[in-house]
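A.B. asks: Requesting a structural model of the entry that follows:
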Amino acid sequence: MYAVLAVTDPALAAQPFVRNPDAAEEVVAGLLGQAREADLLRPGTEVRLEAVSLLAMSAGLGISVLVGRCSVRSAVAVLDHHLNRIFKDG
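C.D. replies: As a prediction, this is how the structure comes out:
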């Protein structure tokens, strides 16, 4: 929703979200890269792909929570499930 408003509202368009749409992806990929260097990720995990996936998933789940399609608890469960798939046990 914010992304749509940021494209149409001049005040929001001036925010970093629109000026640098890859900023969040860079941060998440960087954090996942650090986790890989610390040997915390499962073998074969593609950091950039997982960063994009996590951001898209969290955005979609956030909207689902806002419109009442799912609960916060179920959204957290989905994200937890995905994180458990990419991080090693322990």
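A.B. asks: hey, let's count contacts and neighbours off CA atoms from now on
C.D. replies: Will do.
A.B. asks: Residue 29 contacts residue 48, doesn't it?
C.D. replies: Yes. Under the criterion of Cα atoms under 8 Å, residue 29 makes contact with residue 48 at 5.4 Å.
A.B. asks: if you count what's nearby, which of those two comes out ahead?
C.D. replies: Each of residue 29 and residue 48 has its neighbours counted (other Cα atoms under 10 Å); residue 29 has more, 20 against 16.
A.B. asks: List the buried residues in whichever strand or helix holds that one.
C.D. replies: Element membership of residue 29 [criterion: DSSP states H and E] is helix 23-37. By neighbour count on 16 or more other Cα atoms under 10 Å, the buried set for helix 23-37 is 25, 28, 29, 32, 33, 36.
A.B. asks: What is the helix or strand just after that helix packed up against?
C.D. replies: Heading C-terminal from helix 23-37, the first helix or strand you meet, by DSSP H and E, is helix 47-66. Helix 47-66 sits against helix 23-37, helix 72-86, with contacts defined as 3 or more Cα pairs under 8 Å, 6 or more residues apart in numbering; DSSP states H and E.
A.B. asks: rewinding a little: how far out from the middle of the chain is the helix holding residue 29?
C.D. replies: Helix 23-37 sits 11 Å away from the centroid of its parent chain (Cα atoms, centre = their mean, to the nearest Å).
A.B. asks: Residues contacting that helix, please?
C.D. replies: The list of residues contacting helix 23-37 from outside it, by Cα atoms under 8 Å, 6 or more residues apart in numbering, reads 17, 41, 47, 48, 50, 51, 52, 55.
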